[in-house]
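1. Fold the following, please.
(2 chains)
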Amino acid sequence: MEQFIQQIVNGMIAGSIYALVAMGLALIFGIMYVPNFALAALYMLGAYGSYYMIELLHMPYFLTLPFVMLVIGMLGVLTERFCFRPVREAPHAVGFIVALGLMLILETGARIVFGAESKIVNSPYSGIVLNMGPIVLNLQRLLVFVICMILAGGCYLFLLKTMTGKKIRATSQAPEAARLMGISINRMNQIVFFLSAALTAAAGVLLAPVFYLSTAMGFMPSIKGIVVIVLGGMGSITGALVGGFVLGIAESLGAGYVSSEYKDAFAFGILLFVLLFKPSGLFQK
Amino acid sequence: MKEGVDRVKLIFYLLLVAFALIFPFISSGFGLYMAVLVGFYIILSMGLNLIFGYTGQISICHGAFYAMGAYSSAILMIRMGWSFWVTMPIGVLITVVMAVVIGIPMLRTKGPYFAIGTMSLGVIVTMVINNSVSLTGGVSLPGIPPVNPILIPFFGKITFTTLKPQYYLVLVLIVLSIFVVHRIVHSRIGRAFIAIREDEEMAEAVGINIMNFKILSFAIGAALAGMAGAFYASFMGAIDPGMAFVFTSFTILVMLVVGGSGTITGAIIGPIFLWVIPEFFYAAEEYRLLLYGIVVVLVIIFMPHGIAGRLRAISPRISGLLP
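-> Presented below is the predicted three-dimensional model:
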């Protein structure tokens, strides 16, 4: 029983990361109908950004989070302006390939600039272990969960309650109508890209002390994030949030009780299973 | 007028064929080796072209079919000692069966869902190959015998242990692929594919059985990939699960898109362009990938129909030259 709770807790923590990454992907998918693979690279750049801010600017770890979110957010806006806006009207396959190409550029560019050796980010929180009853918790991981929840919750509230958030949702639901209402599609796209880049980069920063940094580190989380948004209904923010946790927990339980070798396969197995019966994902948008 | 165009076409193709035939005699060992590798990717791109270029399904599991063909042929050659000329068709058959089995549920999904589903498949296939150590050797499968010699009466034996004969073999396979794709594309089947790509609902409304045709394109595309894979296994002598990586499938897609999806020329130009250019600049492996990324983004933004598409847009005459 204790192991079960531990697995669930581990799953919730992993799930919070998936939820964050998935939200970023869902946001962009909502306006572009393309899974933005470039976010995988932004995740990695977030982690590396944190590393370099610590190494070169001697910034304390927790301070790197807001700065990295800002910088990578701006990078996201740049990608919208120069890579995705020109192909906005083109068939989705084109955007798909742009996202792919962008991911290639950013990841290999990073490998050339940063070098191929793994790097380590040290957070002052990684060493602290909490014992809460039967559960063992690493403080860093707890922080990951808490901050993910804050960011995801904040983004969610932003989209639901604020005027800009409503404009964004309007743009994704009916772009032409939104335009007629005086909403600038360009501006909305920029905001969306900023948000999703910032969220994804945050996930990268949060997870940086937990794993070694490598330029390909964003690939798996992103693919799993894509799995989550397919399961949650592409473009549905709620679906991304809930789906992220579902995946995290399913993975954790699967690794614990079924097989840890195939741990990564669970996400995809679940996806294929769902697509078999519901080719359009679990929730319609 | 027509005779003039036909003569130009004839000379153009003859020159191409001649160049392809004498290429081994004018290039170094390394250039020839590269040419064979490019050849594999040409066949892979041709297969993907049927699925993506003509039928419009974004498939990111082509690498998995490549690997299936390779591993089937390799395992049969190693374990059963069969000749390549037996294991290759079996490898293709196995790949096709897998494609149909996978395709029937997967092809019910559309667009991005299909793409993500195939991507997931790629990940799973890679993992299965990696973990089934007793069958596939896990991270690497060495010791694959080369293609068995062919005996031709009065001529002697053709052995496939050096580069030159293998180059010609890959050339033959490429010609075979071009033939197959060309015949399909210029038939009712090909037109059905294009109809599905352009407007699936309309195609269905007109009475085209889209599931059947999608599965057909998937199966034939997979067959070509499996065929390339089987020969690749014997060519390299050792294979690894990297063939099935999502990344390999990405690379094939990138080559096809840059070359020009939906055209036969594109499937040929793409791999050549993306291999030759970095080699020409003595670029290292890392820079090649960076180059791929930059090239693909630039090409897709400014030339969505790839290099072939751009060339064809210049004039109808060129369009006739480059199918």
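2. And B:G138, which helix or strand is it part of?
-> For B:G138, there is no helix or strand it lies in under DSSP states H and E.
3. where does the stretch 101-250 of chain A have low pLDDT?
-> Within the stretch 101-250 of chain A, the segments meeting pLDDT under 70 span A:125-128, A:132-134.
4. any idea where the strands of it begin and end?
-> Listed in chain order, the strands of the stretch 101-250 of chain A (DSSP state E, counting those that start in this stretch) span A:129-132, A:135-138.
5. Can you say which of these is nearest to chain B?
-> strand A:135-138 (27.3 Å; CB to the nearest CB). Every C-beta, even on glycine, is put in place using the N, C-alpha and C of the backbone.
6. what's in contact with stretch A:246-253?
-> With contacts defined as CB atoms under 8 Å, 6 or more residues apart in numbering or on different chains, stretch A:246-253 is touched by A:7-8, A:10-19, A:224, A:227-228, A:231, A:263, A:266-267, A:270.
7. Just the buried ones among those residues, please.
-> By neighbour count, with 16 or more other CB atoms under 10 Å in any protein chain shown, those hold A:7-8, A:10-19, A:224, A:227-228, A:231, A:266-267, A:270 as buried.
8. Filter these down to the ones in helices?
-> Using DSSP state H, A:7-8, A:10-19, A:224, A:227-228, A:231, A:266-267, A:270 are the members of those that sit in helices.
9. tally of neighbours for A:H58?
-> 7 (other CB atoms under 10 Å in any protein chain shown).
10. Ramachandran angles for it?
-> phi 50, psi 40 (degrees, to the nearest 10).
11. same for the helix or strand of chain B with the lowest mean pLDDT, what does it pack against?
-> The helix or strand of chain B with the poorest confidence is strand B:150-152; it has a mean of 79 (mean pLDDT, DSSP states H and E). On a contact count with 3 or more CB pairs under 8 Å, 6 or more residues apart in numbering or on different chains; DSSP states H and E, strand B:150-152 meets strand B:156-158.
12. Paired strands for the strand it packs on, with orientation please.
-> Strand B:156-158 has the following strand partners under DSSP bridges: strand B:150-152 (antiparallel).
13. Going by neighbour count, list what's buried in the strand it pairs with.
-> Those would be B:I150, for strand B:150-152 by 16+ other CB under 10 Å.
14. What of stretch B:41-53?
-> Neighbour counts over stretch B:41-53 (16+ other CB under 10 Å) mark B:41-53 as buried.
15. Return only those of the contacts of stretch A:246-253 found close to chain B.
-> A:V227, A:A267 (CB under 8 Å from any CB of the partner chain).
16. In which helix or strand does the residue nearest to A:F114 when sequence neighbours are not counted reside?
-> Closest residue to A:F114 apart from its sequence neighbours, by CB to CB, 6 or more residues apart in numbering or on different chains: A:Y48 at 6.0 Å. Assigned by DSSP H and E, A:Y48 belongs to helix A:38-57.
17. What average pLDDT does that helix get?
-> Mean pLDDT, computed over helix A:38-57, is 89.
18. elements contacting it?
-> Counting contacts by 3+ CB pairs under 8 Å, 6+ apart, helix A:38-57 packs against helix A:2-32, helix A:61-79, helix A:92-114, helix A:185-207, helix A:219-232.
19. Pull up the residues of the stretch 101-250 of chain B that are close to chain A.
-> Residues of the stretch 101-250 of chain B lying near chain A (CB under 8 Å from any CB): B:105-106, B:108-113, B:115-117, B:119-121, B:123-124, B:127, B:131, B:246, B:250.
20. Can you report how many residues lie near B:T265?
-> For B:T265, using other CB under 10 Å, the count is 21.
21. same check, this time on B:I294
-> 16.
22. related to what we said a few turns ago, what lies in contact with the least confident helix or strand of chain B?
-> Residues from elsewhere that reach strand B:150-152, judged by CB under 8 Å, 6+ apart: B:W85, B:K157, B:I158.
23. Mind putting those into CSV with neighbour count?
-> Shown next, in CSV, are the contacts of strand B:150-152 (neighbours: other CB atoms under 10 Å in any protein chain shown):
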residue, neighbour count
B:W85, 11
B:K157, 8
B:I158, 13
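24. coming back round to it: could you single out the most deeply buried of the strands of the stretch 101-250 of chain A?
-> Across the strands of the stretch 101-250 of chain A, averaging neighbours per residue (mean count of other CB atoms under 10 Å in any protein chain shown) puts strand A:135-138 on top, at a mean of 15.
25. CA-only coordinates of that strand in PDB, if you can.
-> Only the C-alpha atoms of strand A:135-138 are listed here, as PDB (Å, rounded to 0.1, in the frame of the first residue of the first chain):
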ATOM      1  CA  ILE A 135       6.300   8.700   1.600                       C
ATOM      2  CA  VAL A 136       9.800   9.900   0.700                       C
ATOM      3  CA  LEU A 137      10.000  13.100  -1.200                       C
ATOM      4  CA  ASN A 138      12.900  15.000  -2.600                       C
END
